[in-house]
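>>> following is a predicted model, sequence given first.
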Amino acid sequence: MRGTQAAAAFLSTSPAGALMPVAVATPFTQKETTTVFAPAPLEKVVLITGASSGIGEATARRLAAAGHQVMAGARRADRLAQLAQEVSAAGGLLDHRALDVTRRDSVEAFVEAAHDRYGQIDVLVNNAGVMPLSPMADLRVDEWDQMIDVNIRGTLHGIAAVLPRMREQGGGHIVNIASVAGHRVDPTAAVYCATKYAVRALSEGLRQESRDIRVTLISPGFTESELLDRGGAPEAQAAARAAARQLAIPASAVADAIGFALDQPADVDINEIVVRPTTQT
């Protein structure tokens, strides 16, 4: 009798009522087992910025394959259309919309379109970023401004667009992509590092202010992406590309870390994950 009560304590239902059988041994006998039910994971509505390549693309594929409804945003709409076709062919659900995170109205329209279509916003992955490397003395001020606009303002625009909706619905999850460059400073990366330190600060501040919204900071090391293909001082970019060719992990490794954070129960908040190549110092 008491064994049956102990097993029944594990009985729970999900908001949708979906149940999955799990065999649980009672503490009163090694032979007796009782079949109880645990909630099945629910699909989430996930918005991803910078989803046309690299970590954003890999995350879109990973989460769509896991059964989540993905809304992918980026400036390169043609790349998003191709991604949507490939995800659909694999059985996933992915919609897309052109997005410029430096424009607040573009981010608002992106979020509003997803909310109108699905009725909720469960997760935002603030992934869009740029990394033109150069020595400070080069005074590449336009590129400094670009990093501030994309890496910091873009993150803030995403937070501003989803936060009221998440609070209204009683929960949500914001995942901000920083970098190991937000934990250290290297020559030619001073401004980039400053933007990623800022993303860390924003994430921690939001976490401390939130009780029903989860906040996760992901800090990747060298990762296969197109970040080093545009802008920056030629020598600095070439040196970084050479290091990446030797060290970089696939973007799917970072996507798996994001998936892990999303899969936790609602009362568990994975605050920070640093994921980098084993050989990176």
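Perfect, thanks for sending it.

>>> C-alpha from now on. contacts and neighbour counts both.
Will do.

>>> for V162, grab phi and psi.
With angles defined as degrees, to the nearest 10, V162 sits at phi -100, psi -20.

>>> can you give me the helices for the chain?
2-8, 54-65, 77-89, 104-118, 141-147, 154-169, 190-209, 234-247, 251-262 (DSSP state H).

>>> now the phi/psi pair for the closest residue to P135 other than its chain neighbours, please.
Spatial nearest neighbour of P135, chain neighbours left out: T188 (4.3 Å); criterion: C-alpha to C-alpha, 6 or more residues apart in numbering. Per-residue torsions, T188: phi 70, psi 0 (degrees, to the nearest 10).

>>> quick check: T188 touching P132?
No. Under the criterion of C-alpha atoms under 8 Å, T188 makes no contact with P132, lying 9.1 Å away.

>>> bridged to V175, which residues?
Counting by DSSP bridges, V175 is bridged to V125, T216.

>>> for the residue nearest to P135, give me its contacts.
T188 sits next to 133-136, 236 when contact means C-alpha atoms under 8 Å, 6 or more residues apart in numbering.

>>> residues of stretch 118-126 that come out buried?
120-126 (16 or more other C-alpha atoms under 10 Å).

>>> oops, could you answer that again for stretch 233-250 instead?
For stretch 233-250, the neighbour count (16+ other C-alpha under 10 Å) marks 236-237, 241, 244, 247-250 as buried.

>>> what of stretch 158-171?
158-159, 161-163, 165-166, 171.

>>> tell me how far it lies from the chain's centre.
16 Å (C-alpha atoms, centre = their mean, to the nearest Å).

>>> do stretch 256-276 as well
The answer for stretch 256-276 is 9 Å, by C-alpha atoms, centre = their mean.

>>> related to what we said a few turns ago, may I see the buried residues of stretch 118-126 organised as CSV, with pLDDT added?
Formatted as CSV, the buried residues of stretch 118-126 follow (pLDDT from 0 to 100):
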residue, pLDDT
Q120, 96
I121, 98
D122, 98
V123, 98
L124, 98
V125, 98
N126, 98
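
>>> closest to D229 among the residues you listed?
N126 (20.5 Å; C-alpha to C-alpha).

>>> so that closest one makes contact with N176?
Yes. Using C-alpha under 8 Å, N126 is in contact with N176, at 4.8 Å.
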